[in-house]
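Novice: output the structure for:
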Amino acid sequence: MSRHQVIALLLWLAYPSICLSFATFFLFVSIFIACFWSDNSVVNIITILGCVAFLSNGVLTLYVYNVVGRQPVDDQKNLPPASC
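Specialist: Reported below is the predicted structural model:
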């Protein structure tokens with residue numbers, strides 16, 4: 001099974017979770033927008049930390065998508081002979 005077929009299958013199986021994640025994402029975005037205009041500095045710091053967590057989660061997701069599932073390069077021809 002190719003990599004794209006596996007990704008499509010996982011997306012199909014995860015469709016309800018994806019819908020919930022979009023709804024949760026937009027809920028948190030609205031909360032973050034409301035919190036950025038807060039006069040409380042503690043609320044602003046917590047909001048910034050939450051945004052950093054979302055961004056790092058997105059970077060990790062892109063990394064996993066680009067790296068996981070790739071065939072490792074196995075170049076056995078150019079290895080030097082082992083000496084005993």
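Novice: work out for me the element Phe32 sits within.
Specialist: Using DSSP states H and E, Phe32 falls within helix 15-36.
Novice: helices or strands up against the helix or strand following that helix?
Specialist: Using DSSP H and E, the helix or strand that follows helix 15-36 in sequence is helix 41-67. Packing partners of helix 41-67 (3 or more CB pairs under 8 Å, 6 or more residues apart in numbering; DSSP states H and E): helix 15-36. Backbone N, C-alpha and C define where each C-beta goes, glycine included.
Novice: pull out the buried residues from the helix it packs on.
Specialist: Judged by neighbour count (16 or more other CB atoms under 10 Å), helix 15-36 contains these buried residues: Cys35.
Novice: quick one, it and helix 41-67 angle?
Specialist: For helix 15-36 against helix 41-67, the angle by axes from the mean of the first three to the mean of the last three CA atoms, to 10 degrees is 150 degrees.
Novice: helices or strands up against helix 15-36?
Specialist: Under the contact criterion of 3+ CB pairs under 8 Å, 6+ apart, the helices and strands touching helix 15-36 comprise helix 41-67.
Novice: what residues sit buried inside the helix it packs on?
Specialist: In helix 41-67, counting by 16+ other CB under 10 Å, buried: Thr47.
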